[in-house]
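> fold the stuff below for me.
(chains A and B)
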Amino acid sequence: MSTEEDSRLKAERIRKLKSLQEEGVNPYPYFFSRTHKAAQLQKIYEHLESGVETQDVVSVCGRVMNERNTWMFVDLFDDSGKIQLFCHKDNLSPEDLKRLRLCDKGDFIGATGAIRRTKQGELSVKVTSYEILTKSLQPLPDSWQGFTDVEARYRHRYVDMIINPAVRETFRKRSLIIKAIREFLDNKDFFEIETPVLQVEAGGADARPFTTHHNTLDMNLYLRIATELHLKRLIVGGFERVYEIGRVFRNEGISTRHNPEFTMLELYAAYGDYNELMNFTEEMLIAAASTVCDGTDILYGDKEINLARPWKRIRMVDAISSMTGIDFNSLNYEEAKKAANKLGVDTKELNSRGYVINEVFETLVEPTLWHPTFIIDYPVEVSPLTKAHRENPGEVERFELFVAGRELANGYSELNDPEDQRRRLEQQVQKKAAGDLEAMPMDQDFLLALEYGMPPAMGLGVGIDRLVMFLTNSQSIRDVIAFPTMRPIGESSN
RNA sequence: GCGCCCGUAGCUCAGUGGUAGAGCACUCGGCUUUUAACCGAUUGGUCGUGCGUUCGACUCGCACCGGGCGCACCA
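Just a heads-up that it's a prediction; the model follows:
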């Protein structure tokens, strides 16, 4: 897509712009008094018969998307839909008629006239006066052939949205999903509290952070990779139910499932455990789904996902066992390693039993979990912020929710024993020292907070982008992020 | 980071060593109750960028820029 100053098509539009200005017409006026949106009119006059004209005068406005018969018929789109303008020479002044030729597809127009339905059945406004509300200088892609170049669509998302209604629909649904989650949580007495994006140490998840710098303090800071540690401080501070829906940043690969900045919901509730949290998660996600999907079967790609409750819950070692026939529960580190290798799982970098089990699960089981499934009871090594399992040594009370072979949510009984938490973070620090760039840093203030006492609590994280992907049948995370991260082209463009 | 593929007009795409093409859009004219209106005539390009090979490069080679998909990392 060219934005060259000397583009011929742009020059043509500037010529029209100048003509308007020479006639004393402001191509960028300040307001327009609209009486109806397109969809409103389509509904009100749903039963108006073809060829019938009313005396009802309305004012509509929107973007011109198509024009036929030398501007006699104009397709005008607002955010609700389409209304046709009927611009017949008998109804317009000679000046207005002539000025129509200075309009282009893409311009915003406001028009007033009586409602009628054409013989062909198209609901129309018989225009008696109109006004150019914004002159568009860039030619739009052909609306019939479409706008399909993936790179151009992401770089110029506004054009994508103008041309491809499904893109707008996806973001409308995204908004409804997030709104539904907020309503659900607000109705359950949660408070939404914002926590810092800029942090001295980025903790709460295994991920590489972005770095930035504060000039006045002359110090390096990290962009947050999770909201967990601050939200838990709020539980210490006396809030019993808190959440944040916020952007987090992870300096890792980009793919159809990963964007460097993405939106995460994290919530924490005192006095609950992971068992209660699974019920809660089911209820919340179904509430979100029901605002944009009908029923409990949703189509993703060419397969259906069944959201009907209750969702399957299965211990990680049992899930592995039912798939491979091997009970890792009874194996020590060396035995587990051997068994994993036999299954074709690479264990070279894995220096404890828990990592091996987790790796076997992620490699062999995770991709097969299509319908919503809670995998519960994780190895302690992969869960440094989770409370020890009340019965099973070496395990923690954690679940992850998988849908369509991908992780969608992560929840647990929160570790609130400050001594245990200190030991776990010390292990992370050792890993970091050994070169693990994703290991968590020490956070002394967080430990101090736990020493003041955090009540037993349940905590959940949900990847909002991935949730929206499932509920809008989007195959790439970039389809649910309005302005996905892109490399800039050239020096002046971005 | 690795592998494979892609980049030609505003949009969608052909062309693969010998003068840069089509449809739609745009402009002009005709027509006028259309449903991608129609008819006619024009116009529009550093073929992603650079360096090579060649008498000659959109085409072949190398490098670079940007993108897609897969793998890796991860949510």
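> ok, which stretches of the stretch 1-150 of chain A are helices?
With DSSP state H, counting those that start in this stretch as the definition, the stretch 1-150 of chain A shows helices at residue ranges A:8-22, A:38-44, A:94-99, A:150-155.
> of all those, which one comes closest to residue A:329?
When those are ranked by proximity to residue A:329, the top entry is helix A:150-155, at 46.2 Å, counting by CB to CB. Where you see a C-beta, it was placed from the backbone N, CA and C, and this is true even at glycine.
> so that closest one, near RNA strand B or not?
Yes. Under the criterion of CB under 7 Å from any atom of the strand, RNA strand B is reached by helix A:150-155 at A:150, A:151, A:152, A:154.
> kindly report the same for stretch A:92-107.
Yes. Stretch A:92-107 lies within reach of RNA strand B by CB under 7 Å from any atom of the strand, at A:101, A:104, A:105.
> domain map for chain A?
Per the record's domain assignment (automatic domain parsing), chain A is made up of the domains A:8-140, A:163-311+A:371-479.
> if any of the residues of stretch A:92-107 next to RNA strand B are buried, put those into a ChimeraX selection.
Of the residues of stretch A:92-107 next to RNA strand B, the buried ones can be selected in ChimeraX as follows, counting by 16 or more other CB atoms under 10 Å:
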select /A:104,105
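> where does chain A have low pLDDT?
Applying pLDDT under 70 to chain A flags the ranges A:1-6, A:490-494.
> distance of residue A:113 relative to RNA strand B?
With distances taken as CB to the nearest atom of the strand, to the nearest Å, residue A:113 is found 12 Å from RNA strand B.
> contacts only, for the closest residue to RNA strand B within the stretch 51-200 of chain A.
Residue of the stretch 51-200 of chain A nearest RNA strand B, by CB to the nearest atom of the strand: residue A:120 (2.3 Å). Contact analysis of residue A:120 by CB atoms under 8 Å, 6 or more residues apart in numbering lists residue A:50.
> isn't residue A:380 right next to residue A:388, touching?
Yes. Under the criterion of CB atoms under 8 Å, residue A:380 lies in contact with residue A:388, with a separation of 6.8 Å.
> who touches both of these two?
Each of A:395, A:396 lies in contact with both residue A:380 and residue A:388 under the rule CB under 8 Å, 6+ apart.
> out of these two, which sits in the busier spot?
residue A:380 (23 against 18; other CB atoms under 10 Å).
> in stretch A:330-349, what's buried?
Under 16+ other CB under 10 Å, the buried positions of stretch A:330-349 are A:331, A:333, A:336, A:337, A:339, A:340, A:343, A:345, A:347.
> and the stretch 351-494 of chain A, which residues reach RNA strand B?
Counting by CB under 7 Å from any atom of the strand, the residues of the stretch 351-494 of chain A close to RNA strand B are A:406-407, A:410, A:438, A:463, A:465-466, A:476-478, A:486-490.
> now for those residues: which two are most distant?
Using CB to CB, those reach their maximum pairwise distance at A:410 and A:490, which is 40.2 Å.
> so for these two, which sits in the more crowded spot?
When residue A:410 and residue A:490 are compared on other CB under 10 Å, the one with more neighbours turns out to be residue A:410, at 20 against 6.
> can you list phi and psi of that one for me?
For residue A:410, the backbone dihedrals are phi -140, psi 120 (criterion: degrees, to the nearest 10).
> what about residue A:309, which SS state?
coil (DSSP: H, G, I helix; E, B strand; the rest coil).
> element containing the nearest residue in space to it that is not next to it in sequence?
Nearest in space to residue A:309, with sequence neighbours left out and distances taken as CB to CB, 6 or more residues apart in numbering, is residue A:282 at 5.2 Å. Take DSSP states H and E as the rule and residue A:282 turns out to sit in helix A:274-290.
> give me the helices and strands touching that helix, please.
Applying 3 or more CB pairs under 8 Å, 6 or more residues apart in numbering; DSSP states H and E, one finds that helix A:274-290 contacts helix A:165-187, strand A:373-379, strand A:395-403, strand A:406-413, strand A:457-463, helix A:464-472.
> give me the residues contacting the first one.
So that's helix A:165-187. A:79, A:153, A:157, A:160-161, A:192, A:241, A:243, A:245, A:265, A:267, A:283-284, A:287-292, A:464, A:467-468, A:471-472, A:474, A:479-480, A:482.
> is RNA strand B contacted by it?
No. Helix A:165-187 does not reach RNA strand B (CB under 7 Å from any atom of the strand); its nearest approach is 13.5 Å.
> tell me which element residue A:247 is part of?
In this structure, residue A:247 sits in strand A:241-249 according to DSSP H and E.
> can you tell me if that strand touches RNA strand B.
No. In terms of CB under 7 Å from any atom of the strand, no part of strand A:241-249 sits within range of RNA strand B; the closest distance is 8.1 Å.
> ok, and what's touching that strand?
A:178, A:181-182, A:185, A:188-195, A:197, A:205, A:209-210, A:223-227, A:231, A:234-235, A:260-270, A:464.
> which parts of that strand are buried?
By 16+ other CB under 10 Å, the buried positions in strand A:241-249 come out as A:241, A:242, A:243, A:244, A:245, A:246, A:248, A:249.
> what bridges to the closest residue to the third one other than its chain neighbours?
What sits nearest to residue A:243 in space, not counting adjacent residues and going by CB to CB, 6+ apart, is residue A:267, at 3.7 Å. When bridges are taken as DSSP bridges, the partners of residue A:267 come out as residue A:243, residue A:460.
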